[in-house]
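1. here is a sequence together with a model predicted from it:
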Amino acid sequence: PPQTSLRMADALKVHSTFSKDGVCVHPTKDGRIWGSIHILEEDENTQHCFLAWTPNSQTDDGSGQYAVKIPLSGVRAIKRHLPAIGVPWVMIVCHNGITLPPYYFNTGGVREFLNALKHHVSLIRSADDPNLVFLSDLSKNPSVLRSSVDKSLQEPLPNLPQEQPAFEPPQVPNQPKKSAPKEEITLDNIGWKVLSGFSKVTQFARTAPQSIFENANQIPIAPKPTTPSSNKEILPASAQVLHSTTLGTFEVVDEEDQQPPEADRAPVPSQRKELTTEEWLEFLDEEGRIKDEGEVRRRIFYGGLDPALRTEVWKYLLGVFPWDSTYEQRQEILKTHAEQYSHWKGLWKSIHSDPAFKFNKLTDRIHSIEKDVCRTDRSIDYYHLDGPNLTKLQDILVTYTFLNFDLGYAQGMNELLSPLLYVMEDEATTFACFQSMMKRYEGNFHKDQIGMHNQLTQLAELVKSMDQGLYDYLVEKDCTNMFFCYRWLLILFKREFSFHTIMRFWEILWTNYYTPKYLLFVALTCLLKNREEIIAKEMAFDDLVAFANDMGEKISMTELLRETEAVYHTYMRIAGSAAIVRLYN
């Protein structure tokens with residue numbers, strides 16, 4: 001996070017071997033504190049390696065009391081949760097009996113975190129629970145530890161308050177309240193004393209995953225911190241009002257009196273304005289760090305970007321630039337990517353042009369890419385004529401498939417790449433963005449199709465939860481495999497919107513404002529929006545394919561996204577626990 005991670009490394013002359021921002025804790029059901037998780041190493045001795053979490057804020061809002069540093073030798077096990085829809089989290093179990101509350105990885109990264117740990121300790125997977133791992137050989141009886149973890153998730157802690165004000169941590173005995181003078185967050189003042197404070201919020205771990213679905217305002221994006229006195233409570237279901245859209249009538253909280261705190265509140269349509277250059281500059285500190293990542297994501301979700309900002313901001317949304325990077329660090333990142341791209345591109349070109357190499361698979365892939373590139377967005381002036389832009393498109397795809405040879409090339413990758421090159425123009429920068437983008441969507445192109453199958457299965461579950469009548473109709477027509485929605489999910493509605501509209505649509509998706517699976521709710525909304533036509537015309541599979549492929553002529557992106565938000569909140573309130581469990585698994 002801004003300023004904290006660098007000072008941490010300086011404090012004890014340690015270096016970070018892994019850092020991940022966008023990781024939050026939930027001290028209360030409606031409160032969240034944003035920060036970064038780190039693996040720090042003082043030397044090569046495991047006894048001098050640490051896990052650390054630090055909040056972004058260095059103000060006197062009390063969030064610093066949640067900072068923690070744990071020697072790896074003091075960690076007994078790590079339990080992870082990777083939901084199909086929702087935010088993944090990990091829970092750390094210490095040898096002294098304390099189980100820390102979940103750390104939510106809002107932009108992903110749990111697998112990378114565990115892989116980074118393997119450089120310091122051995123991870124042993126539990127035979128009973130594949131999501132529970134033990135560090136080194138410290139646990140002789142994994143089933144015993146698993147029982148203790150499960151017990152800590154189920155049994156309430158004695159004498160703990162059931163609710164706490166937003167952003168107000170439980171008070172650790174003999175520690176100053178948040179009105180006390182603020183203390184700079186470094187490893188020098190992050191200690192074991194904080195663990196006792198963390199244990200007081202462990203009760204939230206029992207209900208946190210479910211509350212994401214049960215509470216519409218429990219979203220995986222940082223709200224702008226507000227004082228407890230300014231927070232408004234969401235009224236009970238009996239006081240909720242109905243909201244009418246072209247989809248029908250949905251229960252949503254009232255836009256004035258029953259919404260989440262002001263920073264979480266979805267603006268009315270007239271307020272959905274794109275993020276301007278002037279606003280963007282206000283989010284940067286003097287060294288170029290983003291001061292409020294959560295607010296940036298919120299603004300983009302509700303209005304998109306000024307097109308002039310896309311070249312810069314897309315690099316953040318896609319993960320090329322860390323949100324806490326400085327001007328200088330970003331220049332180094334681009335320089336490194338340029339050098340790496342030049343190396344790999346030169347390597348495959350030298351192999352392809354040398355008759356001594358018999359690399360037929362590479363040659364076949366280059367031919368496949370050439371054929372698809374010639375058909376990619378040729379109606380756009382940027383790609384209209386044969387020339388350098390099509391050559392860039394082809395070279396980026398070949399370089400990517402050369403580096404990811406097991407995955408290979410598949411139709412649709414060209415569709416995802418085209419808008420990136422149009423925005424970035426620079427070939428090496430586009431490649432870096434495409435690599436990051438494919439980390440999210442690589443599963444769409446696996447030869448076994450398991451990634452697409454999982455998404456289509458999840459979409460069918462959503463339809464069943466939201467509209468039993470439509471689901472029963474799909475059962476009758478033997479269409480619950482949802483293959484007619486395949487193109488929507490494969491290339492992220494690229495063919496359903498115009499070239500310039502899809503750029504706005506994608507940047508809104510990439511914010512992960514509610515969930516990384518928000519695309520499924522967009523597809524769900526399209527089906528609910530047209531359910532009467534589908535049933536009235538007795539559409540069979542071929543008809544549904546034609547209907548889905550012609551969807552672009554029938555929808556407004558702005559209207560669709562507004563209605564998707566209503567559908568999302570409604571689903572989170574009405575879905576039964578069984579449906580939620582199926583989506584998680």
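-> Everything's here; your move.
2. what's downstream of the longest strand seen in the chain, the next helix or strand?
-> When the chain is parsed with DSSP state E, its longest strand is strand 15-28. Sequence-wise, the next helix or strand downstream of strand 15-28 (DSSP states H and E) is strand 31-41.
3. counting by contacts, list what that next one packs against.
-> helix 4-11, strand 15-28, strand 49-55, helix 110-117 (3 or more Cβ pairs under 8 Å, 6 or more residues apart in numbering; DSSP states H and E). Glycine gets a C-beta too; all of them are placed from N, C-alpha and C.
4. tell me, how many residues neighbour residue 128?
-> By the criterion of other Cβ atoms under 10 Å, residue 128 has 12 neighbours.
5. how close does it sit to residue 95?
-> As judged by Cβ to Cβ, to the nearest Å, residue 128 and residue 95 stand 20 Å apart.
6. low-scoring stretches of the stretch 251-400 of the chain, by residue?
-> 251-271 (pLDDT under 70).
7. and the helices in it?
-> 277-282, 293-303, 310-317, 327-353, 360-373, 381-384, 388-403 (DSSP state H, counting those that start in this stretch).
8. can you say which of the ones you listed is packed in most?
-> helix 293-303 (a mean of 22; mean count of other Cβ atoms under 10 Å).
9. which other helices and strands does that helix contact?
-> helix 310-317, helix 499-510.
10. which parts of the longest one are buried?
-> Put plainly, it is helix 499-510. For helix 499-510, the neighbour count (16 or more other Cβ atoms under 10 Å) marks 501-510 as buried.
11. will you turn these into TSV that also has distance to residue 69 and pLDDT?
-> Listed next are the buried residues of helix 499-510 as TSV, based on distance: Cβ to Cβ, whole Å; pLDDT from 0 to 100:
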residue	distance to residue 69	pLDDT
501	47	94
502	44	96
503	42	96
504	42	96
505	42	96
506	38	97
507	36	97
508	37	96
509	36	96
510	32	96
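12. could you save the helices and strands packed on helix 293-303 as TSV and add columns showing distance to residue 327?
-> Shown next, in TSV, are these (distance: least, Cβ to Cβ, whole Å):
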stretch	distance to residue 327
helix 310-317	11
helix 499-510	22
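13. how about the helices and strands packed on strand 31-41, which one is nearest residue 573?
-> Evaluated over the helices and strands packed on strand 31-41, closeness to residue 573 peaks at strand 15-28, with 19.1 Å, by Cβ to Cβ.
14. show me where the stretch 401-550 of the chain has its helices.
-> 413-424, 427-441, 450-466, 468-476, 486-490, 499-510, 518-529, 531-536, 541-549.
15. let's have those in TSV, adding distance to residue 76.
-> As requested, the helices of the stretch 401-550 of the chain are exported to TSV (distance: least, Cβ to Cβ, whole Å):
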stretch	distance to residue 76
helix 413-424	42
helix 427-441	31
helix 450-466	32
helix 468-476	44
helix 486-490	40
helix 499-510	37
helix 518-529	36
helix 531-536	51
helix 541-549	50
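16. for residue 42, find the nearest of the helices of the stretch 251-400 of the chain.
-> helix 327-353 (23.2 Å).
17. which other helices and strands contact that closest one?
-> Against helix 327-353 (3+ Cβ pairs under 8 Å, 6+ apart) you get helix 360-373, helix 388-403, helix 427-441.
18. can you add distance to residue 299 and give those back as JSON lines?
-> Converted to JSON lines, those look like this (distance: least, Cβ to Cβ, whole Å):
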{"stretch": "helix 360-373", "distance to residue 299": "35"}
{"stretch": "helix 388-403", "distance to residue 299": "30"}
{"stretch": "helix 427-441", "distance to residue 299": "21"}
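19. cool, thanks, talk later.
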